[in-house]
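sequence and predicted structure are below.
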Amino acid sequence: MLDIKFIRENLKLIEKNNQTRNVKLDLKKLVELDDERKQLQAEIESLRSERKKMSKTKPLESEIIEMRKLGDKIKELEERFKEAENGSNELLYKIPNINHKSTPVGPDESCNVVETKVGKPPQFSFKPKEHFEVKAVQNLMDLERGAKASGSRFFYLRGKLAQLERAIMQLAIDTMVEKGFELVLPPIMVKEVAMFGAGFFPAEKNEIYRVNPGEDDLYLIGTSEVPLIYMHSDEVLEEKDLPKKYVGFSPCFRREAGSYGKDTKGLIRVHQFYKVEMVVLCKPEDSWKIHDQLLSFEQEVLKKMELPFQVVNLCSGDLGFPAAKKYDCEGWFPGQDRYRELTSTSNTTDYQSRRSNIKYKTADGKREFVHTLNGTVSSDRPLLAIIENNQQADGSIIIPEALRKYTGFDKI
């Protein structure tokens with residue numbers, strides 16, 4: 001979230017930034033509620049001080065009556081304070097991060113900017129099929145039985161296709177470990193406060209599965225970014241220990257509540273998938289250099305998989321709330337004749353660290369909020385891109401060279 005002091009001092013900037021993010025908020029109301037909160041807090045502290053002075057001596061009956069009146073007044077003001085605080089926080093939590101100066105401004109994905117293309121789409125002597133139509137894998141991705149067991153948009157991966165999926169994940173993990181990232185297998189259910197800390201609540205609450213409401217009140221993660229960020233909540237890190245670089249591997253879950261009627265065939269939009277995710281905590285002055293590094297790491301993995309892709313700088317209206325800037329790597333899907341997202345990387349500056357209260361101690365003893373970054377190294381999408389780009393006329397699939405040491409075979 002943003003600092004309320006910064007918001008008060010830059011109302012025009014925040015208003016303009018909100019407009020570029022398609023967010024409508026009453027900032028005047030936020031300031032009024034914050035003023036009310038501060039005024040009530042001052043009154044409460046004054047009355048508490050007065051009551052404390054009276055309680056230091058043996059009070060007379062009249063003073064006891066007066067102390068009770070003070071107590072009632074404090075209780076009344078505390079209730080009003082809580083209402084003002086809750087009201088201001090409700091608005092504060094809905095304000096997105098400030099766009100980086102290099103983030104394109106636009107209302108939706110149509111304004112995203114393609115910055116570069118890597119590799120050339122393959123040429124076929126036949127009309128390429130979509131991933132779910134390719135003969136070699138039709139019996140290895142079982143949506144029908146997945147639906148029987150769990151409902152629509154669930155599936156089974158079997159045999160060599162399951163081995164290829166595992167190989168893709170292992171290649172991504174090994175690459176990142178070689179880059180100095182610490183591998184973490186995180187919890188896949190988290191508390192609401194962790195979802196809030198990572199910036200997914202309240203904005204994306206409708207997309208997250210809730211587990212055992214009213215008892216456990218846990219949420220299934222849509223990315224290991226959430227538990228990896230919140231791992232250091234309420235901590236003060238040492239400057240010498242930064243940056244902290246983690247790569248998480250986990251199953252992930254998403255309701256896809258807003259995707260009715262979209263990608264109803266195949267595995268493009270599913271409720272459960274696997275993902276390898278980078279998370280970095282660093283000093284603010286290092287975050288933009290690291291953001292470029294994360295993008296280069298993602299590109300390296302996609303090149304190893306021999307996938308043609310383009311790098312896209314997302315516009316303001318297509319950013320999630322926490323991100324100040326975000327790149328997507330979109331892979332070519334010849335069966336669909338279009339590019340689709342494979343990986344993404346975001347710099348969330350201090351948006352998540354303020355929510356999660358993650359600071360570091362500077363050399364001169366000050367405590368500052370860290371910057372946090374995240375990046376998907378791999379998910380299920382590259383599997384589908386490999387199927388489509390490497391399909392053969394006879395319906396078989398050639399395995400990219402870098403994955404063969406993990407699969408043990410070169411063809412499905």
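All right, it came through fine.

what helices or strands is the strand or helix carrying residue 79 leaning on?
If you go by DSSP states H and E, residue 79 is part of helix 61-92. Under the contact criterion of 3 or more Cβ pairs under 8 Å, 6 or more residues apart in numbering; DSSP states H and E, helix 61-92 touches helix 4-9, helix 27-55. In this view, the C-beta of every residue, glycine as well, is placed from N, C-alpha and C.

adding mean pLDDT, mean neighbour count and distance to residue 350, write those out as a markdown table.
Formatted as a markdown table, these follow (pLDDT from 0 to 100; neighbours: other Cβ atoms under 10 Å; distance: least, Cβ to Cβ, whole Å):
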| stretch | mean pLDDT | mean neighbour count | distance to residue 350 |
| --- | --- | --- | --- |
| helix 4-9 | 94 | 14 | 10 |
| helix 27-55 | 90 | 15 | 19 |
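
and those: which comes nearest residue 352?
Minimum separation from residue 352 across these (Cβ to Cβ) falls at helix 4-9, 15.9 Å.

buried residues in the helix or strand that that closest one is followed by?
Note on helix 4-9: by DSSP H and E, the next helix or strand toward the C-terminus is helix 11-20. Neighbour-count burial for helix 11-20 flags 14, 17-18, 20 (criterion: 16 or more other Cβ atoms under 10 Å).

just curious, which of the residues you listed is nearest to residue 54?
residue 14 (44.0 Å).

contact partners for the closest one?
2, 7, 27, 95, 98 (Cβ atoms under 8 Å, 6 or more residues apart in numbering).

change it to 6 Å
By Cβ atoms under 6 Å, 6 or more residues apart in numbering, residue 14 lies in contact with residue 7.

separation between it and residue 77?
29 Å (Cβ to Cβ, to the nearest Å).

and what of residue 145?
61 Å.

name the residue in these two with the higher neighbour count.
For residue 145 versus residue 77, the count of surrounding residues by other Cβ atoms under 10 Å is larger for residue 77: 18 against 12.

test my guess that that one contacts residue 44.
Yes: between residue 77 and residue 44 there is a contact at 5.0 Å, judged by Cβ atoms under 6 Å.

on that earlier part again, any chance of the helices and strands packed on helix 61-92 in CSV, plus distance to residue 314?
Below are the helices and strands packed on helix 61-92 laid out as CSV (distance: least, Cβ to Cβ, whole Å):
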stretch, distance to residue 314
helix 4-9, 23
helix 27-55, 25
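
closest to residue 172 out of these?
Smallest distance to residue 172 across these (Cβ to Cβ): 36.8 Å, for helix 4-9.

please compute how far that closest one lies from its chain's middle.
25 Å (Cα atoms, centre = their mean, to the nearest Å).

stretch 240-260 now?
With Cα atoms, centre = their mean as the basis, the mean position of stretch 240-260 lies at 6 Å from the chain mean.

tell me the buried residues in that stretch?
Buried, per 16+ other Cβ under 10 Å, within stretch 240-260: 242-250, 252-255.

follow-up on the earlier one: can you redo the buried residues of helix 11-20 as a markdown table with pLDDT?
Listed next are those as a markdown table, based on pLDDT from 0 to 100:
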| residue | pLDDT |
| --- | --- |
| 14 | 96 |
| 17 | 97 |
| 18 | 97 |
| 20 | 97 |
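
in CSV: the residues you listed, plus distance to residue 221.
Shown next, in CSV, are the buried residues of helix 11-20 (distance: Cβ to Cβ, whole Å):
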residue, distance to residue 221
14, 30
17, 28
18, 28
20, 29
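
what about stretch 298-305, average pLDDT?
With pLDDT averaged residue by residue, stretch 298-305 scores 98.

revised request: answer the last question for stretch 177-196.
Taken as a whole, stretch 177-196 has a mean pLDDT of 97.

contacts for that stretch next, please.
Residues from elsewhere that reach stretch 177-196 (Cβ under 6 Å, 6+ apart): 201, 211, 218-221, 224, 226-228, 230, 245-248, 250-251.

give me the subset of the residues you listed lying in helices.
Among those, the members falling in helices (DSSP state H) are 226-228, 230.

sorry, back to before: inside strands: which ones of the contacts of stretch 177-196?
The strands, defined by DSSP state E, take in 211, 218-220, 245-248, 250-251 from the contacts of stretch 177-196.

which residues sit in contact with the nearest residue to residue 345 once chain neighbours are set aside?
Distances taken as Cβ to Cβ, 6 or more residues apart in numbering put residue 375 closest to residue 345, at 3.3 Å, once the chain neighbours are dropped. Residues in contact with residue 375 (Cβ under 6 Å, 6+ apart) are 278, 294, 298, 345.

surely the second one meets residue 347?
Right, residue 294. No: Residue 294 is beyond contact range of residue 347, at 8.6 Å (criterion: Cβ under 6 Å).

low-confidence ranges in the stretch 1-150 of the chain?
Scanning the stretch 1-150 of the chain for pLDDT under 70 picks out 55-60.

which residues in the protein form helices?
4-9, 11-20, 27-55, 61-92, 143-150, 159-178, 192-197, 225-230, 287-304, 351-356, 381-389, 404-407.

of those, give the one that comes closest to residue 119.
Per Cβ to Cβ, nearest to residue 119 of those: helix 287-304, 7.4 Å.

buried ones in the closest one?
Applying 16+ other Cβ under 10 Å to helix 287-304 flags 287-288, 290-291, 293-295, 297-299, 301-302, 304 as buried.

would you turn those residues into JSON lines with distance to residue 195?
Formatted as JSON lines, the buried residues of helix 287-304 follow (distance: Cβ to Cβ, whole Å):
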{"residue": "287", "distance to residue 195": "23"}
{"residue": "288", "distance to residue 195": "26"}
{"residue": "290", "distance to residue 195": "24"}
{"residue": "291", "distance to residue 195": "23"}
{"residue": "293", "distance to residue 195": "27"}
{"residue": "294", "distance to residue 195": "22"}
{"residue": "295", "distance to residue 195": "26"}
{"residue": "297", "distance to residue 195": "26"}
{"residue": "298", "distance to residue 195": "24"}
{"residue": "299", "distance to residue 195": "30"}
{"residue": "301", "distance to residue 195": "27"}
{"residue": "302", "distance to residue 195": "29"}
{"residue": "304", "distance to residue 195": "33"}
